[in-house]
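Q: model this:
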Amino acid sequence: MRKECPMSKIKAAHLVFAVLCPLLAATYAQMAIARGQAAQRPVVAFALPAAPPANAVVLFSGKSDELKQNWYRRGTTEPAAWAVERDGAMTPNRADITSRAEFGDCYLHVEFRPTVDDQGRTRGHGNAGVGLQGRYEIQIMDSFGAEPSAGGCGAFYSQKPPRVNASKKAGEWQSYDIVFRAPRLANDGKVVEKARATVFHNGVLIHVNEEFNGPTGIQYGEFKGESAVGPIVLQGDHDPVQFRNIWIVPL
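A: As a prediction, this is how the structure comes out:
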């Protein structure tokens, strides 16, 4: 097994924080200004990079062989059976998929789209999710125009609502940029620091270094307890939500 150079981790971390720190500072400044003007939290969108940096692990960029090489059907070692469309999106086929690679601390970029029918109506509720380490879900839902909730788009599923609802209409492509800090475990396996995440939804900061209460409902089957590393899970057993442009930078 190739040992990872500590310096590469440091460079990756510096890259992420070089991008995020000015954005966070600007966000807090905007929020401080708005506090005296309105009760509603402001929505400040940033143009985060969608293209993977040089040190990213590309999990899916629209190629069929990437789906076979990088993803399993959840709970098996069989290749993922999702369909890859001509436009470079992948469409679920009644099952979750799991990345073959496992990650700890990371920066994850993923784009998604709740699909609509010929009349422009959302198929189902646009219900899906992105599972970090197969244990911590950032909810996907058609939540356009809704109040933020623990079951809405951008929520730590069933735990914490997003600060603001940054959802677009169903049928439009959306994005998550997630800076994830894995739980810290003692030698006996007990959690001494819970998992955390900072999340941008469509460039809008919706969670700031928020702590997960523990694993969410996406954890079942092969994912027991908590771990320092784990795979990325994309939900495909609920509603037809498409995914594209998925890359990750280990930190």
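Q: Strands of the stretch 101-250 of the chain, residue ranges please.
A: Assigned by DSSP state E, counting those that start in this stretch, the stretch 101-250 of the chain shows strands spanning 106-114, 128-132, 136-140, 174-181, 184-185, 191-193, 196-201, 204-211, 233-234, 241-250.
Q: And the helices in the stretch 51-200 of the chain?
A: Taking DSSP state H, counting those that start in this stretch to define them, one finds helices in the stretch 51-200 of the chain at 64-70.
Q: rewinding a little: nearest to residue 55 among the strands of the stretch 101-250 of the chain would be which one?
A: strand 241-250 (6.0 Å; Cβ to Cβ). Placement of C-beta: from N, CA and C, glycine included.
Q: Next, the angle from the closest one to strand 174-181.
A: For strand 241-250 against strand 174-181, the angle by axes from the mean of the first three to the mean of the last three Cα atoms, to 10 degrees is 30 degrees.
Q: okay, the angle between strand 241-250 and strand 136-140?
A: Between strand 241-250 and strand 136-140, the angle comes out at 140 degrees (the same axes, to 10 degrees).
Q: Who are the packing partners of strand 241-250?
A: Packing contacts for strand 241-250, counted by 3 or more Cβ pairs under 8 Å, 6 or more residues apart in numbering; DSSP states H and E, involve helix 6-35, strand 57-60, strand 90-91, strand 106-114.
Q: Find the nearest non-adjacent residue to residue 176, please.
A: Counting by Cβ to Cβ, 6 or more residues apart in numbering, residue 176 lies nearest to residue 110, which is 5.2 Å off, once chain neighbours are set aside.
Q: I'd like to know how many residues surround the one you found.
A: 22 (other Cβ atoms under 10 Å).
Q: That one and residue 241 touch, don't they?
A: No - if you go by Cβ atoms under 8 Å, residue 110 and residue 241 don't touch, sitting 11.0 Å apart.
Q: ok so, going back, point out the most buried one among the strands of the stretch 101-250 of the chain.
A: The highest mean neighbour count among these, using mean count of other Cβ atoms under 10 Å, belongs to strand 136-140: a mean of 27.
Q: Kindly export that one (C-alpha atoms) in CSV.
A: Presented in CSV, the C-alpha positions along strand 136-140 are these (Å, rounded to 0.1, in the frame of the first residue of the first chain):
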residue,chain,number,x,y,z
TYR,A,136,-24.1,11.1,8.0
GLU,A,137,-26.7,12.2,5.5
ILE,A,138,-27.1,15.6,3.9
GLN,A,139,-30.7,15.5,2.7
ILE,A,140,-31.9,16.0,-0.8
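Q: quick check: angle from that strand to strand 106-114?
A: 30 degrees.
Q: The residue nearest to residue 176: what's it in contact with?
A: Going by Cβ atoms under 8 Å, 6 or more residues apart in numbering, residue 110 touches 130, 175-176, 178, 234, 243, 245-246.
Q: From those residues, pick the one nearest residue 90.
A: Distance to residue 90 across these (Cβ to Cβ) is lowest for residue 243, with 5.4 Å.
Q: how much space between residue 162 and residue 101?
A: Separation of residue 162 from residue 101 (Cβ to Cβ, to the nearest Å) stands at 27 Å.
Q: before we move on, what about residue 216?
A: Counting by Cβ to Cβ, the separation of residue 216 from residue 101 is 21 Å.
Q: out of those two, which sits in the busier spot?
A: Each of residue 216 and residue 101 has its neighbours counted (other Cβ under 10 Å); residue 216 has more, 22 against 14.
Q: give the contact list for that one.
A: Residues in contact with residue 216, defined by Cβ under 8 Å, 6+ apart, are 131, 135-137, 156-159.
Q: and of the residues you listed, the nearest to residue 44?
A: residue 156 (20.6 Å).
Q: residues contacting the closest residue to residue 120 other than its chain neighbours?
A: Nearest residue to residue 120, sequence neighbours excluded (Cβ to Cβ, 6+ apart): residue 171, at 6.8 Å. Applying Cβ under 8 Å, 6+ apart, we find residue 171 in contact with 113-116, 120, 122.
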